[in-house]
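S.K.: quick check, what structure comes out for this input:
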Amino acid sequence: MSSMNIFDIAGSGMNAQNLRLNLVASNISNANSVSSSLSQVYKSRQPVFAAELKSIMDQQDATSKVNVLGVVESQAPAVMEYAPNHPMADKDGYIFKPNVNTVEEMANMMSASRSYQNNVEVLNTAKQMMLQTLKLGR
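M.R.: Here you go, the predicted model:
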């Protein structure tokens, strides 16, 4: 594997974790929103990643990176709460809250943040190794 591929691999990991952090922020910011119907309630969103391996038969140079397949909405049911005096209550007196679990989202945020930091460390280490290799020629 070419040493330059390290930057592509770590960069794709950083992009994936950046998306994950943005989705966590969106989920947390909408955690306390209220809706008057099930069809309008916010649904938790999660990224879908896959490891992508590209290899050319004639060459031994194989690259791997993180591929973002998309974003999916959670299928968990929304929280239905009886609040007849709420201005957004439906005709039966219910309001609907998102299916966002803030504890789970905070754990996702810490995991994504650490993964992002690890990819930054990989980039820094690769850069330092390349600089040290260049200094050997002096």
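
S.K.: which residues of the protein fall in strands?
M.R.: Ranges of strands in the chain, per DSSP state E, are 45-55, 62-73, 79-82, 94-97.

S.K.: winner for burial among the ones you listed?
M.R.: Of all those, strand 94-97 has the most neighbours on average by mean count of other CB atoms under 10 Å, namely a mean of 20. In short, each C-beta sits where N, CA and C put it, glycine included.

S.K.: check which helices and strands it is in contact with.
M.R.: strand 79-82 (3 or more CB pairs under 8 Å, 6 or more residues apart in numbering; DSSP states H and E).

S.K.: contacts for the strand it packs on, please.
M.R.: Identification of contacts with strand 79-82 by CB atoms under 8 Å, 6 or more residues apart in numbering yields Gly93, Tyr94, Ile95, Phe96, Lys97, Pro98, Asn99.

S.K.: picking up where we left off before, out of the strands of the chain, which is closest to Leu123?
M.R.: strand 62-73 (13.7 Å; CB to CB).

S.K.: parallel or antiparallel, which strands does that closest one pair with?
M.R.: strand 45-55 (antiparallel) (DSSP bridges).

S.K.: model confidence over the partner strand, on average?
M.R.: On average, the pLDDT along strand 45-55 is 82.

S.K.: and stretch 70-79, by the same measure?
M.R.: 93.

S.K.: could I get the strands of the chain as CSV with distance to Asn119?
M.R.: CSV is the format used below for the strands of the chain (distance: least, CB to CB, whole Å):
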stretch, distance to Asn119
strand 45-55, 13
strand 62-73, 9
strand 79-82, 35
strand 94-97, 35
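
S.K.: looking at those strands, which is nearest to Phe7?
M.R.: That would be, of the strands of the chain and by CB to CB, strand 62-73, which comes in at 10.6 Å.

S.K.: return the residues in contact with the residue most central in space within the chain.
M.R.: Closest to where the C-alpha atoms of the chain average out (CA atoms, centre = their mean) is Arg20, at 1.4 Å. Contacts of Arg20 were listed using CB under 8 Å, 6+ apart, and they are Pro47, Asn108, Ala112, Ser115.
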